[in-house]
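# pasting a predicted model and its sequence here:
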Amino acid sequence: MDKNVQIGMLCDIYGELLTERQQDILDLYYNNNLSLAEIAEEMQITRQSVRDSILKGEKKLFRIRRKTRNYEKDWKSRKTDTKDSIRIVTNTK
């Protein structure tokens, strides 16, 4: 999947977990296709600040997705373990 599409989807799902500034910058960069310079001018910050915010926001989104997936896998395995435990206790298959 294209990184831009992936970031867009992650922003839709987890965007509220980012800072307001990260949300705004990622929106301008990925959804409005503005350059770093254009975003910097609009927000009255440096290009480097824009770049840093994009990288930190992306990193946070991917970290949240990874943790969520790990949690889901753990939860599914616990449900399976619980079902197996119930079978063992009740001697059913």
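Nice, I can see it. Numbering: from 1, shown residues only.
# wait, residue 49 sits on residue 41?
No - checked against CB atoms under 8 Å, the pair residue 49 and residue 41 is beyond contact range at 11.9 Å. Quick note: C-beta positions are derived from backbone N, CA and C, even for glycine.
# who has more neighbours, the two?
Each of residue 49 and residue 41 has its neighbours counted (other CB atoms under 10 Å); residue 49 has more, 16 against 13.
# those helices in this structure, which residues are they?
3-14, 20-26, 36-43, 47-90 (DSSP state H).
# how about those in TSV, adding mean pLDDT?
Below are the helices of the chain laid out as TSV (pLDDT from 0 to 100):
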stretch	mean pLDDT
helix 3-14	90
helix 20-26	96
helix 36-43	98
helix 47-90	80
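# return the most buried member of those.
Highest mean neighbour count of these: helix 20-26, a mean of 18 (counted as mean count of other CB atoms under 10 Å).
# contacts only, for the residue lying closest to residue 62 once chain neighbours are set aside.
Closest residue in space to residue 62, ignoring its immediate chain neighbours: residue 10 at 7.3 Å, by CB to CB, 6 or more residues apart in numbering. Residues near residue 10 by CB atoms under 8 Å, 6 or more residues apart in numbering: 61-62, 64-65.
# do you know how far residue 10 is from residue 76?
Remark: distance between residue 10 and residue 76 (CB to CB, to the nearest Å) = 21 Å.
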